[in-house]
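# Pasting the sequence and the predicted coordinates here, then a few questions.
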Amino acid sequence: MQSAGLPKLDLKQFMTRMRVISLYRDITRTLKSVSDKSERQFIRDWARADFDKARHETDSERIQYLLSKGKAEYHHLMSNLQLSAKAPVSPGTSRPRKSHAHDHQH
């Protein structure tokens, strides 16, 4: 049974739609690891705006391009989040620096 507001999709379109939804869910799940609330909201709003902008795109090549671009931006976001998690802590913050055995050698 088809919903009144959704167009009928062929298998390729359906699979593409599922990949788009999966990418969006991956992004929103990843945002849970961003501790700064305003940064998390900024990234969420930015991603939502990009998805909304492309919501009514019908050209399959353009959709594939946007999906590839979105995946690349997602991987870039993941890299940045991993790097920021490993970054040294600024003075005055409460997160302790990891101790390494060679730090204590003279």
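Sure thing, it's come through.
# Just the buried residues of the lowest-mean-pLDDT helix or strand in the chain, please?
The helix or strand of the chain with the lowest confidence, counting by mean pLDDT, DSSP states H and E, is helix 60-86 at a mean of 91. Neighbour counts over helix 60-86 (16 or more other C-beta atoms under 10 Å) mark Ile63, Leu66, Leu67, Gly70, Tyr74, Leu77, Leu81 as buried. Every residue, glycine included, has its C-beta placed from N, CA and C.
# Report the contact partners of the last one.
So the one you mean is Leu81. Thr30, Ser33, Val34 (C-beta atoms under 8 Å, 6 or more residues apart in numbering).
# Filter those residues down to just the ones in helices.
Among the contacts of Leu81, the subset assigned to helices under DSSP state H consists of Thr30.
# which residues of this structure score low on pLDDT?
Across the chain, the ranges flagged by pLDDT under 70 are 1-5, 87-106.
# related to what we said a few turns ago, I'd like to know which of the buried residues of helix 60-86 is nearest to Arg25.
Using C-beta to C-beta, Tyr74 comes nearest to Arg25 of the buried residues of helix 60-86, at 10.8 Å.
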